[in-house]
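A.B. asks: got a predicted structure here, sequence first:
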Number of protein chains: 2
Amino acid sequence: MTATDPRDRGAAAHALDLTELAQQLRVDAVRVADLAGSGHPTSSMSAADLVAVLLAHHLRYDFNRPDHPGNDRLIFSKGHASPLLYAMYRAVGAVGEEELRSYREHGSRLEGHPTPRLPWVDVATGSLGQGLPVAVGMALAAQRLEKVPYRVWVLSGDSEMTEGSVWEAVEYAGAEHLDALTLIVDVNRLGQRGPTRHQHDLDAYARRLRAFGWHTVEVDGHDVTAVDHAFEEARATGGRPTAILAATRKGRGVAAVEDREGMHGKPLEDAGSAIAELGGRRSLRVETAAPPAVPATAPTAAREPELPRFEVGDEVATRDAYGKALAALGAVRHDMVVLDGEVSDSTRTQFFAEEHPDRFFECYIAEQQLAAAAVGLQARGFLPYASSFAAFLTRAHDFIRMAAVGRASLCLVGSHAGVAIGKDGPSQMGLEDLAMFRSVHGSTVLQPCDANQTARLVAAMADLDGIRYLRTMRGGTPVLYGPDEQFPIGGSKVLRHSRADRVTLVGAGVTVHECLKAADRLGEAGIAVRVIDLYSVKPADAAALHAAASDTGCLVTVEDHRPEGGVGDAVAEVFSDGRPMPRLVRLGVRHMPASATPEEQLREAGIDADAVAAAVELLVETAVVR
Amino acid sequence: MTATDPRDRGAAAHALDLTELAQQLRVDAVRVADLAGSGHPTSSMSAADLVAVLLAHHLRYDFNRPDHPGNDRLIFSKGHASPLLYAMYRAVGAVGEEELRSYREHGSRLEGHPTPRLPWVDVATGSLGQGLPVAVGMALAAQRLEKVPYRVWVLSGDSEMTEGSVWEAVEYAGAEHLDALTLIVDVNRLGQRGPTRHQHDLDAYARRLRAFGWHTVEVDGHDVTAVDHAFEEARATGGRPTAILAATRKGRGVAAVEDREGMHGKPLEDAGSAIAELGGRRSLRVETAAPPAVPATAPTAAREPELPRFEVGDEVATRDAYGKALAALGAVRHDMVVLDGEVSDSTRTQFFAEEHPDRFFECYIAEQQLAAAAVGLQARGFLPYASSFAAFLTRAHDFIRMAAVGRASLCLVGSHAGVAIGKDGPSQMGLEDLAMFRSVHGSTVLQPCDANQTARLVAAMADLDGIRYLRTMRGGTPVLYGPDEQFPIGGSKVLRHSRADRVTLVGAGVTVHECLKAADRLGEAGIAVRVIDLYSVKPADAAALHAAASDTGCLVTVEDHRPEGGVGDAVAEVFSDGRPMPRLVRLGVRHMPASATPEEQLREAGIDADAVAAAVELLVETAVVR
């Protein structure tokens, strides 16, 4: 797959003047930014020669069939160079002049930074340092799963090479010999506010990359022949990913801005003169090389998974149920892949890894790469479940946010939720995870309290869209539900209920069990209490909560999470619809925990059965509750 | 500062058998994990020789005066090796036998992962890959600000070298010639769930680090003489940070666990035999070398800052006010430092950089390093303000969470809040930042709506504790408040108020202005409306909100943020106290924005004046509002 076959080149390419094409791309970039009154023409102009050569001689892509499985993938990690990307789309005829002129307008597909609203864009970019880590996921798909010889090309800026996420990806790609991957660094020397740290010292980048096992090529990024050879070298290099380090000049081609500071991210002052200086408008048309034919694989109809079944009353950790459900689901869903951040013995993804080692990806301790690989894999049609401790998924927050911008579809599962983990202390406790995931656009947030519920929700997650999050616990909890119980997304379970209920306790995860204990104790004292298991935190079960509000008038939320952003906020949100509100009380983790046993932790946080019962008694004594 | 002075060595050190000391540390690590029934003895045992040599021959530290300004700093980045740290404290007499035995017990200072509850611990660790980035901040303090020749020693695991944050720090320290910094990597070959990627290939680490400009020393980590020489070499190396790559064996000294998989993070099965194999208990006492005398610097009494003053009615961006206030504050507060992630022209920290270049730190595009450097600087007594786009601060989420665990005191300021930024699109919009910061323990979250308010809040932040967050806007907003107006933390401003108010609008930032426009329009239509500027999102002004609830019965929150985790949740939280609730309605950004003008964005999100007025009219028509 790595040798260059001259037949790969587009028929029209040989006749095409690459420098002319590059100038066309520059002119179009200048034009659209001028029309929009904003954008990044200078960052586009530096990379125009690179993209012209790539497009005309190396990219194998059928723009009429963006879903062609043999298409190369191209990620503009420097997403602010969108004018160049859209100019490229015009050059291949995918976008017409009229649409090109809609750049950055309301309703246009040509956004300030590219998103998959365009069929040729696989993932959203615009937060720097994300393109390469996502591309690693795609290259893994190509080389390990699909076994299809497409290449993954990443156009990166030089400024973003300081992001740690880039070096997580560099390490991964080097160690995993991802030779389907080519990183093109547009070393234009100037970041947003001035010179980069290494300016035009290409070797500073090259020696770092080589130390991680990469092949590197240093090149004048405006010498189209040299660039052409560099790309050929990348395609011919086996066993290692290649980085093309291209020295370029920001704003190349227009003297007023070329290689000058203070010209980042704004239209050129005199676009007319600039276009004239660039040789005026052109309408060259590029035919890209066709992707290789890929034998169609008949999708196998997924059987119903044989989910693990747990005995009611047994003590089982929800993380164990997660791992076992994953393994079962993997047996029937061949599109499923699992990733872990070197804690598979804790998250229990090891159960999947043991049964389906070819679809398990060890990402080591690099949570940004973990999330990014999942994004790359889902862009190739796989269904990823990525796991680490809930606390450490905060490392991937920006990737998760951007995954939502990119309409990505993936499952994230965080273990070791809350103070209930016990002695390891606050650094290991997921106490902010619900807040993070609730705020992600279009997300689903689940927190099961027992093993059978976990297994069902793990299976249900597979069929949802967007970002799905499930939170598991370290310690065992009693199995409450039978193995055939159903748990619809957006539902809840009413576990205690009577006509005399004076207050409703709303728990999720470990606190469901504390609420049940409290309810039983209160019941003995003559205070009837409803208990709701709010396993679906987002969307929350508005019907059940409104019914509880109407019946009992007061809801007490109890959560092993910070008081902000979790179950308390989720329940309050349900009632933020203008209708009459019940009284609300929230119990959550308000202090900074230290080491202690799980029982001591729950007690100290004021979320154990005693605390819940005491809160209800206080509400009764003060006549808040009828 | 880099040459080794033999007088630096503790008097007792020469007589001390380093191997014996190391065995004592191992025995104590085994003992405390056994007593606790949990912990990481094997990860402690691998590094015992390294720590013994460091303690006896190289660390200059007065354990009776942890605040001595000349003390070296020691960060256990592998925080799970806390048994080794606490064994070390026993060896220097800082912790007695009784306290040592309280390891991981409820109420003990000896937590599962170290925190600054112990006076010798500067920062919390336990989320891997954080020690080195934080140490970079301390080394910057030593070399650029304090000009005191203390060293910063970091003990790191090999597994955590895959974290991108480590490579952000490696890049920073190399480029900035931080020779006060020594990284000791305990290459014990085994991560949590099995072998690391590079196992004992020390050169794999060394060539990567050298490519980033580091000096490296490869050493047998159990050869105390070789380790001693390696540390001397580190101290003698100028102009570059040094990494000691020490090949070690996890569980060293006890055959049942040494270099064996599956022995991570649990007590030894037979602690008695293990202790016997290690030679039994010892009570060696180490005298560390004294830190160098440091001339006392008289603290300069801070004058009142001459904050910028803005004319009511002018259009000013709050980010501009932030930058100008920073510069003014810096003129009177000499402990103040400012950090930015290569966007100082956008965040406007450039105004500070221009006036106080010696206290400005350009962190380039590396938001984890940005936050970590701030943590390191505050640990040395400085007052950091760290800025990037609000959206990109999500990259630092885990560092911010851990900063709270470590009782850090710092200010973070995120610009380009919300859809109001306009055409750049969702990748650049801070839409989840309030949710992230509200969930941080002990945080303060501020969102000013005008320039004078911003200046006052930037100054007020300086005197708070914990994690403070302020959110600024890209575009201009009219100045509403006079320059002498006061804005207490936890307060709010009631901007429209009458006895006839039928509903209360609660805005923050840009939405305050939309609420005012809506209120004026509604007033003309005969619907009196109260408007509250909730500039202090956390803590929120419970008194004003309760008064509004009591007076108007219905509150409509309007925010340029996701509906989850922000102003809507903050207001609902205020009412989650069991008291009768008002009706609540929340307007927020429920769709995925694309490119558009700021006005189009606010309209499409349903948070502009029209949308607010329409919502109120609907509430009136449906008789929700009286």
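C.D. replies: Great, that's in hand. Numbers count the residues shown, from 1 in each chain, chains lettered A, B, ... in the order given.
A.B. asks: for A:Arg144, the count of nearby residues, please.
C.D. replies: 15 (other C-beta atoms under 10 Å in any protein chain shown). Every C-beta, even on glycine, is put in place using the N, C-alpha and C of the backbone.
A.B. asks: mind pulling the model confidence for it?
C.D. replies: Reading off the confidence values, A:Arg144 has pLDDT 97.
A.B. asks: next one: phi and psi at it?
C.D. replies: The phi/psi pair for A:Arg144 (degrees, to the nearest 10) reads phi -100, psi -30.
A.B. asks: was I right to think it contacts A:Asp358?
C.D. replies: Yes - at 7.4 Å, A:Arg144 counts as touching A:Asp358 under the criterion of C-beta atoms under 8 Å.
A.B. asks: what helix or strand is A:Val556 located in?
C.D. replies: Taking DSSP states H and E as the criterion, A:Val556 maps to strand A:554-558.
A.B. asks: show me the contacts for the closest residue to A:Val121 other than its chain neighbours.
C.D. replies: Computed as C-beta to C-beta, 6 or more residues apart in numbering or on different chains, the closest residue to A:Val121 that is not its neighbour in sequence is A:Pro114, at 4.6 Å. Counting by C-beta atoms under 8 Å, 6 or more residues apart in numbering or on different chains, A:Pro114 makes contact with A:Phe76, A:Gly79, A:Ser82, A:Leu85, A:Val121, A:Ala124, A:Thr125, A:Gly126.
A.B. asks: so which helix or strand takes in the closest residue to the third one other than its chain neighbours?
C.D. replies: What it means is A:Ser82. Distances taken as C-beta to C-beta, 6+ apart place A:Pro114 nearest to A:Ser82, at 5.3 Å, with adjacent residues excluded. Using DSSP H and E, A:Pro114 maps to neither a helix nor a strand.
A.B. asks: roughly how far does A:Pro114 sit from A:Lys78?
C.D. replies: 10 Å (C-beta to C-beta, to the nearest Å).
A.B. asks: what touches both of these two?
C.D. replies: A:Thr125.
A.B. asks: okay, domains of chain A per the record?
C.D. replies: Domain ranges of chain A: A:6-267, A:315-478, A:493-620, per automatic domain parsing.
A.B. asks: chain center to the longest one: distance?
C.D. replies: Read it as domain A:6-267. 21 Å (C-alpha atoms, centre = their mean, to the nearest Å).
A.B. asks: residue in the stretch 201-350 of chain A with the shortest distance to chain B?
C.D. replies: A:Ala211 (4.0 Å; C-beta to the nearest C-beta).
A.B. asks: tell me which parts of the stretch 401-550 of chain A are close to chain B?
C.D. replies: Residues of the stretch 401-550 of chain A found near chain B (C-beta under 8 Å from any C-beta of the partner chain) are A:401-402, A:404-405, A:407, A:422-428, A:431-432, A:435-436, A:438-442, A:538.
A.B. asks: which of those fall in helices?
C.D. replies: In helices, judged by DSSP state H, the following of these are found: A:Arg401, A:Met402, A:Ala404, A:Val405, A:Ala435, A:Met436, A:Arg438.
A.B. asks: identify the residues contacting the first one.
C.D. replies: Which is A:Arg401. A:Ser127, A:Val440, B:Ala391, B:Thr394, B:Glu432.
A.B. asks: please repeat the previous calculation with a cut-off of 7 Å.
C.D. replies: Going by C-beta atoms under 7 Å, 6 or more residues apart in numbering or on different chains, A:Arg401 touches A:Val440, B:Thr394, B:Glu432.
A.B. asks: how about the fourth one?
C.D. replies: In this structure, A:Val405 makes contact with A:Thr115, A:Ala124, B:Pro426, B:Ser427, B:Met592, judged by C-beta under 7 Å, 6+ apart.
A.B. asks: B:Ile75 versus the residue in the stretch 151-300 of chain A positioned nearest to chain B, what's the distance?
C.D. replies: Nearest residue of the stretch 151-300 of chain A to chain B (C-beta to the nearest C-beta) works out as A:Gly164 at 2.4 Å. Counting by C-beta to C-beta, the gap from A:Gly164 to B:Ile75 is 18 Å.
A.B. asks: for A:Val154, same thing?
C.D. replies: 34 Å.
A.B. asks: what is the neighbour count of A:Ser498?
C.D. replies: 11.
A.B. asks: actually A:Glu98, not the one I typed
C.D. replies: A:Glu98 has 7 nearby residues by other C-beta under 10 Å.
A.B. asks: now do the one 10 residues further on
C.D. replies: Around A:Ser108 sit 19 other residues, with neighbours defined as other C-beta under 10 Å.
A.B. asks: list the contacts for it?
C.D. replies: A:Ser108 touches A:Ser102, B:Ser595, counting by C-beta under 7 Å, 6+ apart.
A.B. asks: who touches A:Asp569 in this structure?
C.D. replies: Contacts of A:Asp569 by C-beta under 7 Å, 6+ apart are B:Glu564, B:Gly565, B:Asp569, B:Ala572, B:Glu573.
A.B. asks: mind checking which of those land in helices?
C.D. replies: B:Asp569, B:Ala572, B:Glu573.
A.B. asks: contact residues of the stretch 151-300 of chain A facing chain B?
C.D. replies: A:159-160, A:162-165, A:167-168, A:171, A:175, A:191-193, A:197, A:207-208, A:211-212 (C-beta under 7 Å from any C-beta of the partner chain).
A.B. asks: quick check: ChimeraX command selecting the buried ones in these.
C.D. replies: Buried members of these, defined by 16 or more other C-beta atoms under 10 Å in any protein chain shown, are picked up in ChimeraX with:
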select /A:159,160,162,163,164,165,167,168,171,191,192,193,197,207,208,211,212
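A.B. asks: just the ones of the residues of the stretch 151-300 of chain A next to chain B in helices?
C.D. replies: A:Gly164, A:Ser165, A:Trp167, A:Glu168, A:Glu171, A:Ala175, A:Arg207, A:Arg208, A:Ala211.
A.B. asks: still on that earlier bit, distance check, the residue nearest to A:Ser82 against B:Leu377.
C.D. replies: 37 Å.
A.B. asks: same deal with A:Leu100?
C.D. replies: 47 Å.
A.B. asks: if you count surrounding residues, which of the two has more?
C.D. replies: Between A:Leu100 and B:Leu377, counting by other C-beta under 10 Å, B:Leu377 is the more crowded of the two (28 against 19).
A.B. asks: put the alpha carbons of the helix or strand where that one lies into PDB.
C.D. replies: If you go by DSSP H and E, B:Leu377 is part of helix B:367-379. C-alpha atoms of helix B:367-379 as PDB (Å, rounded to 0.1, in the frame of the first residue of the first chain):
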ATOM      1  CA  GLU B 367      -3.600  24.900  28.200                       C
ATOM      2  CA  GLN B 368      -2.700  22.100  30.600                       C
ATOM      3  CA  GLN B 369       0.700  23.700  31.000                       C
ATOM      4  CA  LEU B 370      -0.900  27.100  31.300                       C
ATOM      5  CA  ALA B 371      -3.000  25.900  34.300                       C
ATOM      6  CA  ALA B 372      -0.200  23.900  35.800                       C
ATOM      7  CA  ALA B 373       2.300  26.700  35.700                       C
ATOM      8  CA  ALA B 374      -0.300  28.800  37.500                       C
ATOM      9  CA  VAL B 375      -0.600  26.100  40.200                       C
ATOM     10  CA  GLY B 376       3.200  26.000  40.500                       C
ATOM     11  CA  LEU B 377       3.500  29.800  40.800                       C
ATOM     12  CA  GLN B 378       0.700  30.100  43.400                       C
ATOM     13  CA  ALA B 379       2.500  27.400  45.400                       C
END
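A.B. asks: re the thing from before, deepest of the domains of chain A, which one?
C.D. replies: When you average the neighbours per residue for each of those (mean count of other C-beta atoms under 10 Å in any protein chain shown), domain A:315-478 leads with a mean of 25.
A.B. asks: quick check: mean pLDDT of stretch A:428-436?
C.D. replies: So the average pLDDT for stretch A:428-436 ends up being 98.
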